[in-house]
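> Fold the following.
(one chain, ligands or ions: 1)
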Amino acid sequence: MSLVLNNLVKRFGPVTALDGISFEVERGQVFGFLGANGAGKTTTMRIILDILRPDSGTATWAGTPTTDVPRRTWGYLPEERGLYPRLEVLEQLVFFASLYAISRKDAAARARDWLARFRIPEYEKRRAEELSKGNQQKVQLIAAILHEPDVLIMDEPFVGLDPVNVSLLKEAFGEMRKRGTTLIFSTHQMEMVEELCEAVVLIDRGKLVLGGPILDVKRSSGRQVVRLGVEGDAELPWLADLEGVSIVRAGVDYTELDVRGRDPQDILAAALARGERVTQFLIADPSIEQIFIERVGRPPSEDHHLATAAAPAAPTVAAR
Ligand code: ATP
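Have a look, this model is predicted:
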């Protein structure tokens with residue numbers, strides 16, 4: 001049982017937003033959807049949710065075309081944040097749940113449970129516009145999950161949250177994962193990917209650049225990162241003579257090296273052979289950030305803003 005995207009193509013006039021995107025998300029996975037601005041992430045999400053139709057290609061969930069999958073399968077935190085500004089928080093949540101035929105009683109109970117988990121139970125009778133942006137975002141996320149979707153799709157869920165709320169959201173991820181929810185989210189924050197995701201795809205200009213389980217993605221880069229620290233002078237000019245080794249960073253305590261197609265142990269052996277007294281030696285996979293930069297040619301930017309929450313009554317559920 002999985003979400004399968006096969007050769008999705010979507011054009012907007014002269015712009016090819018998606019140019020043959022294919023990938024698969026396993027049920028229950030925490031899945032990171034990466035790409036620079038304009039890569040095509042939001043477009044892909046909208047196609048999965050059947051808010052947009054592709055020009056060609058297919059999207060299926062458990063073998064059923066997503067156009068025929070019941071709407072309650074999905075939860076969606078869109079990039080454009082927006083609640084009904086004048087509606088009280090609990091009323092708002094009950095309303096969104098009612099779109100999925102959840103009774104008022106059940107919706108209110110679930111809403112209160114989530115408001116407590118997100119440490120904002122005291123806001124249930126406040127109008128949305130009275131809440132801070134971060135708190136509105138939490139309410140909007142609750143609106144997306146009250147009907148207990150199988151798959152929760154989130155566009156930049158961590159943007160605009162302070163560290164305390166980031167950690168509450170991570171806890172909520174853990175809770176939803178325990179319940180078997182598939183979590184798909186886009187982010188420019190690679191540390192979130194490292195910490196949370198089991199698998200990722202990276203798209204660039206509408207094309208898939210890489211994808212798969214995180215460890216496979218790291219290993220298939222064919223690179224390893226080595227940190228070497230020695231006593232005394234940190235300058236290690238002999239490193240430059242080693243083939244397949246480049247210096248990424250020459251720090252005070254250690255030098256960080258990018259090693260390709262070569263056994264990292266050679267570096268340790270070379271250091272010892274030169275009589276260096278080694279104080280640190282660490283072999284690691286490259287970070288997702290390093291892989292992103294290498295494959296896309298620029299770092300994942302973070303120039304995202306929260307849309308104003310006082311936006312016109314924007315429904316937070318996928319309209320169909
Ligand atoms: P970001 O990280 O900035 O949110 P993204 O990866 O979500 O970017 P998309 O929003 O999917 O990217 O956009 C992909 C491309 O398609 C961009 O060039 C964008 O300008 C274009 N595009 C998206 N939606 C539309 C639309 N409705 N009309 C015209 N062009 C569009």
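
> Grab the nearest non-local neighbour of Leu282.
Leaving aside its chain neighbours, Leu282 sits nearest to Arg227 (4.3 Å; criterion: CB to CB, 6 or more residues apart in numbering). (Glycine included, C-beta is placed from N, CA and C.)

> List the contacts of that neighbour.
Tyr254, Thr255, Glu256, Leu257, Gln280, Phe281, Leu282, Ala284 (CB atoms under 8 Å, 6 or more residues apart in numbering).

> Got a PyMOL select line for the buried ones in these?
Per 16 or more other CB atoms under 10 Å, the buried members of those correspond to this PyMOL selection:
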select buried, resi 254+255+256+257+281
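
> Tell me where the stretch 51-200 of the chain has strands.
Here the stretch 51-200 of the chain has its strands, by DSSP state E, counting those that start in this stretch, at 56-61, 64-65, 74-77, 151-155, 182-186, 199-204.

> Output the below-cut-off pLDDT ranges for the protein.
Along the chain, segments meeting pLDDT under 70 span 234, 301-320.

> could you check the distance from Ala109 over to the ligand?
35 Å (CB to the nearest ligand atom, to the nearest Å).

> so how far is the ligand from the residue nearest to Leu282?
Distance, Arg227 to the ligand, by CB to the nearest ligand atom: 32 Å.

> Run the chain-centre distance for the helix or strand harbouring that residue.
Applying DSSP states H and E as the criterion places Arg227 in strand 223-230. On the basis of CA atoms, centre = their mean, to the nearest Å, strand 223-230 is displaced by 28 Å from the centre of the chain it belongs to.

> For the stretch 1-150 of the chain, which residues are neighbours of the ligand?
For the stretch 1-150 of the chain, the residues found near the ligand under the criterion CB under 6 Å from any ligand atom are Phe12, Val15, Ala17, Gly35, Asn37, Gly38, Ala39, Gly40, Lys41, Thr42, Thr43, Glu79.

> 5 Å instead, please
Residues of the stretch 1-150 of the chain lying close to the ligand (CB under 5 Å from any ligand atom) are Phe12, Val15, Ala17, Gly35, Asn37, Gly38, Ala39, Gly40, Lys41, Thr42, Thr43.

> Kindly reformat the residues you listed as JSON lines containing secondary structure.
Below are these laid out as JSON lines (DSSP: H, G, I helix; E, B strand; the rest coil):
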{"residue": "Phe12", "secondary structure": "strand"}
{"residue": "Val15", "secondary structure": "strand"}
{"residue": "Ala17", "secondary structure": "strand"}
{"residue": "Gly35", "secondary structure": "coil"}
{"residue": "Asn37", "secondary structure": "coil"}
{"residue": "Gly38", "secondary structure": "coil"}
{"residue": "Ala39", "secondary structure": "coil"}
{"residue": "Gly40", "secondary structure": "coil"}
{"residue": "Lys41", "secondary structure": "helix"}
{"residue": "Thr42", "secondary structure": "helix"}
{"residue": "Thr43", "secondary structure": "helix"}
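
> biggest separation within these, which pair?
For these, the maximum inter-member distance is 16.4 Å, found between Phe12 and Gly35 (CB to CB).
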